[in-house]
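In: Model the structure of this input:
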Amino acid sequence: MACAQLCGAAEPTKTADWQATFTKFNAKGTLVISDERAKPAKLLVFNPERAKQRMSPASTFKIPHSLMALDAGVLKDEFQIFRWDGVERSFSGHNQDQNLRSAMRTSALWVYEIFAKQIGEKRAGEYLQKIGYGNADPSTDKGSYWVDGKLAISAEEQIAFLQKLYLNQLPFAKEHQLLVKDMLVNEAGKDWILRAKTGWEGRFGWWVGYVEWPTGPVFFALNIDTPDRMADLYKREAMVRDVLQSIGALPAPMKVN
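Out: Numbering: from 1, shown residues only. A predicted model of the protein is given here:
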C-alpha cells in the first residue's frame, strides 16, 4: 500500500524548512507533502499546527462532490450538459453550458450547486461520513456548504483523502474514481503525471493533488491566506511547484535560449 503515516505507515512526520518559498511569495499558510517514491515514505510538513487546522475545502471539494454526484445518479456521465442559466458571473468561463469536465476545469460553482440540491443535505452527510471527509458536516446557513457552510477539512486530511483516491479505495465505483482522476490531470511528461485541483474561499486558497512517478506518487496539499484576493491566487500553484521542483518531484521548467 502506497501510503505514508497518514495511512498508517511508521515514518514520522518531519517539519520541512520551506520558509524561503513562503518568504519569496510573501505568503502565510501550510504545505504538506507525502513523498512515496521510496520506502519508508516521507511525510513533510511546513507549519504543522496549521496543517491540522480544518478549513473550508472550497473548490477542492469538487473532487469528492463529482464522485457523490455520479454515485447518486444526479449526473449520468461526463457528457451530460447543464444549460447556462443566463446569469452573468464574474468569471467568463462560467457563463456557458457546462459538462462535468468543463465544470471541474473552470470551477463552475453553479453546476455543483445543482448537484448539492439534488443530492440533499442528509445524503451528502452520509457520503461525507462514509469517506471520512474532514468534519463531514454539509450544513450551511447561507451559500454553498463547501465554501460558506460548515464543511471543513485540514491539509493533512486532504492528503489522506487523495491517497485513497489514488488507490481507488474510496467507496465509489472504480470507473468513477478513474474518471475523476482523469479530469484532474494538469500536466504530464514522459514518466510523470500531475493531477491537482485549486480552491478559493476568498480569505484563503488551496492547491491539492499529486504527481505520479513510476517509483510512486508524491501527494501535496497547500493552503495559504489570500489577503490580496485574486492577486494572490497564482501563488498557490507557483509555491507548490517551487517546492516540488526542489525535491525532484516535478521537472524544472525548460529554459528557452
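In: for the protein, what helix or strand is lowest in average pLDDT?
Out: Least confident element among the helices and strands of the chain, by mean pLDDT, DSSP states H and E: strand 13-15 (a mean of 71).
In: Only the buried residues of the next helix or strand after it, if you could.
Out: Going down the chain from strand 13-15, the next helix or strand is helix 19-24, by DSSP states H and E. Neighbour counts over helix 19-24 (16 or more other Cβ atoms under 10 Å) mark 21-22 as buried. Every C-beta, even on glycine, is put in place using the N, C-alpha and C of the backbone.
In: Now do helix 19-24: which elements does it pack against?
Out: With contacts taken as 3 or more Cβ pairs under 8 Å, 6 or more residues apart in numbering; DSSP states H and E, helix 19-24 sits against helix 234-246.
In: Does Val111 fall in a helix, a strand, or a coil region?
Out: Assigned by DSSP: H, G, I helix; E, B strand; the rest coil, the conformation of Val111 is helix.
In: Model confidence for it, exactly?
Out: Note on Val111: pLDDT of 85.
In: Counting neighbours, what do you get for it?
Out: Burial of Val111 is recorded as 25 neighbouring residues (other Cβ atoms under 10 Å).
In: For it, give its distance to Lys197.
Out: Here Val111 is placed at a distance of 15 Å from Lys197 (Cβ to Cβ, to the nearest Å).
In: what about the stretch 151-257 of the chain, any weak spots by pLDDT?
Out: 254-257 (pLDDT under 70).
In: That one: helices as residue ranges?
Out: Per DSSP state H, counting those that start in this stretch, the stretch 151-257 of the chain carries helices over the ranges 155-166, 174-183, 234-246.
In: tell me what the first one is packed against?
Out: In terms of contact count using 3+ Cβ pairs under 8 Å, 6+ apart, helix 155-166 is assigned the packing partners strand 29-35, helix 48-51, helix 62-72, helix 174-183, strand 204-213, strand 216-225.
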